[in-house]
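Student: Predicted structure and sequence below. I'll ask about it afterward.
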Amino acid sequence: MPVVAFGVSRWGEDPWSRGSWSLIGRNGTPSDRAALGTPVGARLRIAGEATHPTRAGMTHGAYEQGLAAATWAADLGHRHVTVVGAGVAGLAAAQHLTARGVTTCIWEARGRIGGRTAGIEVGGFTFDLGANWLQQYDDNALARIAEKLGLPVVATDFSDPLVIGGAASPEGLDNELRVRLAAAPVHAAVADVLDDWLRHPAPWTAGTIRRHIDAEIVMDSGAPLTWLSARYGFEAGVGEGDRWIVGSYQRLVRHLADGLDIRLEQPVRHIQVGPGGVLLNGRFSTDAVLVTAPLGALSDIVFAPPLPGTHRAALSHLGMGRVEKVILRFDRRFWPEYRSGYYRIHGPEHGSISEWLDATDADGTPTLVGLFAGPWLDTLWTGTDADIAARIVSEVLPAE
């Protein structure tokens, strides 16, 4: 089936994120997220989804941390604050500071706003190459903004995928997985728990256990199981009333950015904090700085003086996962219709996994949005975007 239009993400190659979202590795705990977000003196604070102890990896977690950092800076009486990064956290911070009467500007390394929300036009309609869902919808501040703006949203039932070429996990397996992960020591990785389990897999088979972990952990993290924390790497949030915005997150992003002073293509390489203020890149002076750049990009910023030991320790325990997305538009549907509109396809080797959203309802054109993680990325994500799209259609999707 030929593709009539496509879009492909490359978050693993993006120098301003180096991955999709933050995760906790072995020896790490949620307290590392809180430590990373602790103010450094009275002029520097790191904020964003990576600093949220309970809503990491989600846009409303980023939004909440941006507001918290802005409130901190304004309450200290700073009159000029610079925000690094025009993602959701940075936009939220700048919007709140501006409303408090603080002179605020955003320095954004990319030539666009939105950070890891990234709208792309595919076949005449705008879809998301980055963040896609409003998660934990009933308790999501961004969802309330979307409602006020009258943005149409569509619910997704992640608990009811159609597994193509396989079967759903048997009853009781997921509960057993969660019990084992919760009982693991802090230094253990998911791979340690898996290796121990596979020594005595009954009443399930080793293959069934591996496929379940691929679906539940690899797909939700995009991180090596040898690194991902067994106890804390599998964080809550996904599948709790998730809804996606028809027309993409950019409709929210544009609202958050309205009226703000945003300076594009202005990467921050050096932040020097002194008793009288902060210098960015050795030349721009400001009272305080809020750094909302993604976790994967923080290593490119030189902090002077260096970040405190607690912050450096937190960074050593946190990392970025990689999940890539493809959007495929067709002239007709060739996949089975299913009640949830959600599908799962396992790859030929352990760890290769993809999940698919039927986004045809967006505008009536047959459309699939696919998420990929694991070793499949090494073989599929090579060449041009057109190469990737064609390879996925021929090697992954079911034949007509």
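Tutor: Sure thing, it's come through. Numbers count the residues shown, from 1 in each chain.

Student: Residue 161 reaches residue 343, doesn't it?
Tutor: Yes. Judged on CB atoms under 8 Å, residue 161 makes contact with residue 343 at a distance of 5.9 Å. Backbone N, C-alpha and C define where each C-beta goes, glycine included.

Student: Just give the nearest non-adjacent residue to residue 271, would you?
Tutor: Distances taken as CB to CB, 6 or more residues apart in numbering put residue 303 closest to residue 271, at 5.4 Å, once the chain neighbours are dropped.

Student: in the longest helix belonging to the chain, what counts as buried?
Tutor: If you go by DSSP state H, the chain has its longest helix at helix 59-75. Going by neighbour count (16 or more other CB atoms under 10 Å), the buried part of helix 59-75 is 59-70, 72-74.

Student: beta partners of residue 284?
Tutor: Applying DSSP bridges to residue 284 yields these beta-bridge partners: residue 280.

Student: what does the model give it for pLDDT?
Tutor: pLDDT, residue 284: 95.

Student: For it, give its distance to residue 73.
Tutor: 17 Å (CB to CB, to the nearest Å).

Student: can you give me how far the helix or strand hosting residue 208 is from the chain middle?
Tutor: In this assignment (DSSP states H and E), residue 208 forms part of helix 206-213. Centroid displacement of helix 206-213 relative to its chain, using CA atoms, centre = their mean, to the nearest Å, is 25 Å.

Student: Then stretch 120-133?
Tutor: Centroid separation between stretch 120-133 and its chain, computed with CA atoms, centre = their mean, is 15 Å.

Student: So the nearest residue to residue 386 once chain neighbours are set aside, which state does it fall into?
Tutor: The shortest distance from residue 386 to any residue other than its chain neighbours is 7.2 Å, reached at residue 6 (CB to CB, 6+ apart). Under the three-state scheme (DSSP: H, G, I helix; E, B strand; the rest coil), residue 6 adopts strand.

Student: Overlap of the contact sets of residue 161 and residue 343?
Tutor: residue 355 (CB atoms under 8 Å, 6 or more residues apart in numbering).

Student: Nearest residue to residue 259 in space, please, no chain neighbours.
Tutor: Nearest to residue 259 is residue 98, by CB to CB, 6+ apart, at 7.2 Å.

Student: who touches the one you found in this structure?
Tutor: For residue 98, counting by CB under 8 Å, 6+ apart, the contacting residues are 104, 259-260.

Student: hey, where'd the helices end up in the stretch 251-400 of the chain?
Tutor: Counting by DSSP state H, counting those that start in this stretch, the stretch 251-400 of the chain has helices at residues 309-317, 376-380, 385-395.

Student: in the stretch 51-200 of the chain, which spans are helices?
Tutor: 59-75, 88-99, 141-149, 173-183, 190-199.

Student: Any idea which of the ones you listed gets closest to residue 361?
Tutor: Smallest distance to residue 361 across those (CB to CB): 16.8 Å, for helix 141-149.

Student: can you list the residues that contact that closest one?
Tutor: So helix 141-149 is contacted by 59-60, 63-64, 88, 134, 137, 153, 243, 245, 251-252, 255-256 (CB under 8 Å, 6+ apart).

Student: Give me the contacts around stretch 55-69.
Tutor: 21-23, 33, 37, 45, 47-52, 54, 87-93, 96, 117, 131, 134-136, 140-143, 235, 237, 249, 290, 292.

Student: Now, these that are in strands?
Tutor: Taking DSSP state E as the definition of strands, the contacts of stretch 55-69 contribute 21-23, 45, 134, 290.

Student: Can you list phi and psi of residue 336 for me?
Tutor: As for residue 336, its main-chain torsions (degrees, to the nearest 10) stand at phi -70, psi 140.

Student: when you give positions from now on, start the count at 3
Tutor: Okay, residue one is now 3; in that scheme the one you just asked about reads as residue 338.

Student: Run a quick neighbour tally on it.
Tutor: Neighbourhood size, residue 338 [other CB atoms under 10 Å]: 10.

Student: out of everything not next to it in sequence, what's closest to it?
Tutor: residue 164 (6.8 Å).

Student: With adjacent residues omitted, what lies nearest to residue 127?
Tutor: residue 365 (4.9 Å).

Student: ok, now how distant is the one you found from residue 128?
Tutor: 10 Å.

Student: With neighbour numbers in mind, choose between those two.
Tutor: residue 128 (18 against 14).

Student: my guess is the more buried one meets residue 248, correct?
Tutor: No. Residue 128 is beyond contact range of residue 248, at 9.4 Å (criterion: CB under 8 Å).

Student: rewinding a little: tilt between the helix holding residue 210 and helix 175-185?
Tutor: 70 degrees (axes from the mean of the first three to the mean of the last three CA atoms, to 10 degrees).

Student: From the contact counts, what lies against helix 208-215?
Tutor: Applying 3 or more CB pairs under 8 Å, 6 or more residues apart in numbering; DSSP states H and E, one finds that helix 208-215 contacts helix 175-185, helix 192-201.

Student: would TSV of those with distance to residue 150 and mean pLDDT be doable?
Tutor: What follows is these, written out as TSV (distance: least, CB to CB, whole Å; pLDDT from 0 to 100):
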stretch	distance to residue 150	mean pLDDT
helix 175-185	36	96
helix 192-201	40	97
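
Student: Out of those helices, which is the most enclosed?
Tutor: helix 192-201 (a mean of 16; mean count of other CB atoms under 10 Å).

Student: Name the residues that touch it?
Tutor: Outside helix 192-201, the residues touching it (CB under 8 Å, 6+ apart) are 182-183, 186, 208, 211-212, 215, 219, 226-228, 230-232, 235-236.

Student: Farthest pair within those?
Tutor: 208 and 231 (22.6 Å).
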